[in-house]
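>>> here is my input; please provide its structure:
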Amino acid sequence: MLDSNKNRYELIEQYLEGNMSAENTIAFEKLIVEDKDLAKEIELHQQLSAHYNDNYISLKRDLNNTDLVSYFRSDEAKNINKTIEKVGAIHTSKKKFKFPMTVAASIIGVMICVVGYLQLNKNGLYEGYYTENDLPSLISRNTTKDLQSDIIVAYQKKQYTVANNLYRSYINSTPILNEDIFIYGGMTYLELNEFDKALIEFHKMTNSSSMASSKGLWFTALVYLKKEDYPLLKETLNIIVQKKSNFNYKKAGTLLQELD
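The predicted structure is shown next:
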């Protein structure tokens, strides 16, 4: 006979795990036929168990053996995410349903992997899309040549405070500016996490007469990327992809796809 001391959910878990005796299994399956709510709950638990137990094992394997970016772009990973969202909706609308411990453990495991990866991936987007190769080459023959060179050298040595001080000296002492220097000025602020000041310098580049003025848009996007301001990041990227002549047009399109 079914153990009357066990509650409904303990019996469900015991049934799903195959830990019931043959006699109790027959009695419980009869109860499932008679109780529509129980039948629906069993069906939900069976679907969750099959999906999460299989995918958690697969996910752990793939985390160890495959390229993470490729995996989380795959249809399998997208299906996991969709199912998580679906389960959340079901659980919210049917609060009387509870999850067996085995299913809960699988969900927690998948969520830890997915959320942990997504956070890591977002944090790594800036490093992935920023490269010093995008910085302008400043070659000048005027009297400020040494100061410009000093800015670049300090920046390349990651001496961002020194580079920023030199940049401000350059700006304040030079009547005719090499407008490309705005990029270096903005980057010194960005590396110091002074986002608003970085944006001001990059906007100067965007509004300049330089042939490479669209670089200002790309570096503005990098500010929002590092700041994790994704609405403004997408807005800026969408401006960049409107013209193929814009700096890093293709890279902007790829980043937009990453954010979807």
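>>> so what's residue 125 closest to, chain neighbours aside?
residue 225 (5.8 Å; Cβ to Cβ, 6 or more residues apart in numbering). To be clear about C-beta, it is placed using only N, CA and C from the backbone, and glycine gets the same treatment.
>>> any idea which element the one you found lies in?
Element membership of residue 225, judged by DSSP states H and E, is helix 215-227.
>>> any idea which helix or strand comes after that helix?
Next along from helix 215-227, by DSSP H and E: helix 230-240.
>>> ok, which stretches of this structure are helices?
8-16, 22-34, 36-65, 68-72, 75-93, 101-129, 145-156, 160-173, 181-191, 195-206, 215-227, 230-240, 249-259 (DSSP state H).
>>> which of the ones you listed has the lowest mean pLDDT?
Lowest mean pLDDT of the helices of the chain: helix 68-72, a mean of 51.
>>> next up, the contacts around the nearest residue to residue 206 once chain neighbours are set aside.
Nearest residue to residue 206, sequence neighbours excluded (Cβ to Cβ, 6+ apart): residue 216, at 3.1 Å. Applying Cβ atoms under 8 Å, 6 or more residues apart in numbering, we find residue 216 in contact with 182, 183, 202, 203, 204, 205, 206, 207, 208.
>>> which pair of the residues you listed spans the longest distance?
183 and 207 (13.2 Å; Cβ to Cβ).
>>> sorry, back to before: do I have it right that the residue nearest to residue 125 meets residue 190?
No. With contact defined as Cβ atoms under 8 Å, residue 225 does not count as touching residue 190 (10.1 Å).
>>> could you chop this structure up by domain?
Listed by automatic domain parsing, the domain ranges of the chain are 8-123, 132-259.
>>> rewinding a little: residue 45: which of the contacts of residue 216 is nearest?
For those, the nearest to residue 45 is residue 202 (53.0 Å; Cβ to Cβ).
>>> separation between that closest one and residue 29?
Using Cβ to Cβ, to the nearest Å, one gets 67 Å for the distance from residue 202 to residue 29.
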